[in-house]
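Next input, structure requested:
(one chain, ligands or ions: 1)
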Amino acid sequence: MTDKLYRPQEDIVTLMKQFSQQVKESPELPDLHTRLLRARLVFEEAIEFVKGCGCTITMTIAGLNGAEETAVIDDIGVVLDPNGKPDLAEYVDGCIDQLVVTYGALNAAGVKAQPAWDEVQRSNMSKAWPHCSVCDAVLERNAGLELVHPEDASAHDGDWNPILKVHKRPDGKFIKSPTYSPADLRRVIDEQIQQANG
Ligand SMILES: [Zn+2]
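Numbering: from 1, shown residues only. Next up is the predicted model:
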């Protein structure tokens, strides 16, 4: 086994260029044709993964408008398929194929995954509550969005670290921390556009 780096997005750029699919050099929403193609690919691979789990998809059809022949799916559910055949190889195949189509969708829109990924990870992790490692006080954010110790800025002579804890309601639901902040992907995209033009 070699120590080949895991570079999924670069691999999919290679794949797409080999098969004459458009890869954008800077962030931009793809044209209608490409969006339809990408949406279909993502959906198909999601269905394959559901099958690999031994599950199937149910749906509720919304009421038809007049004589229209197209029904709109109102709600999609996933249930265990009694005749399904859960299979680990199919399960992994479904996961990897979803990565392939997702990186493909990012490449078609000229977006680098890593900075966007980091921002989503940061946001998701910020759902946990930061506490002081010494006295367990819940930390706060200052105007610069840094975590600070409440009340006393020089608490414990500055000798403390933030530790993350999960807060749950009695029914087990997670409670988002007051220092949670949603992912700002628009900012990440704008930075990539500036870099591409710079
Ligand atoms: Zn403390």
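
Look at Pro130 and give its secondary structure.
Classification of Pro130 using DSSP: H, G, I helix; E, B strand; the rest coil returns strand.

is it true that it touches Tyr180?
No. Pro130 lies out of contact with Tyr180 (CB atoms under 8 Å); the separation is 10.3 Å. Bear in mind the C-beta positions are built from the backbone N, C-alpha and C, glycine included.

More neighbours: which of these two?
Neighbours were counted for Pro130 and for Tyr180 using other CB atoms under 10 Å; Pro130 has more, 22 against 15.

Endpoint to endpoint, stretch 159-167 covers what distance?
Stretch 159-167 has its terminal residues 24 Å apart, counting by CA to CA, to the nearest Å.

what's the distance between Ala105 and Cys55?
As judged by CB to CB, to the nearest Å, Ala105 and Cys55 stand 24 Å apart.

Pick out whichever of the two has more residues nearby.
Shown here are Ala105 and Cys55; by other CB under 10 Å, Ala105 has more neighbours (19 against 16).

Would you mind listing the residues in contact with the more buried one?
Taking CB atoms under 8 Å, 6 or more residues apart in numbering, we find Ala105 in contact with Arg38, Leu41, Val42.

Kindly reformat those as CSV containing pLDDT, distance to Leu88 and secondary structure.
Listed next are those as CSV, based on pLDDT from 0 to 100; distance: CB to CB, whole Å; DSSP: H, G, I helix; E, B strand; the rest coil:
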residue, pLDDT, distance to Leu88, secondary structure
Arg38, 94, 28, helix
Leu41, 95, 23, helix
Val42, 94, 22, helix
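
Write a ChimeraX command that selects only the buried members of these.
Per 16 or more other CB atoms under 10 Å, the buried members of the contacts of Ala105 correspond to this ChimeraX selection:
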select :38,41,42
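
Let me know the closest of the contacts of Ala105 to the ion.
If you rank the contacts of Ala105 by distance to the ion using CB to the ion, Val42 comes first, at 45.5 Å.

Kindly report the residues of this protein close to the ion.
For the chain, the residues in contact with the ion (CB under 5 Å from the ion) are Cys132, Val134, Cys135, Ala137, Ala155.
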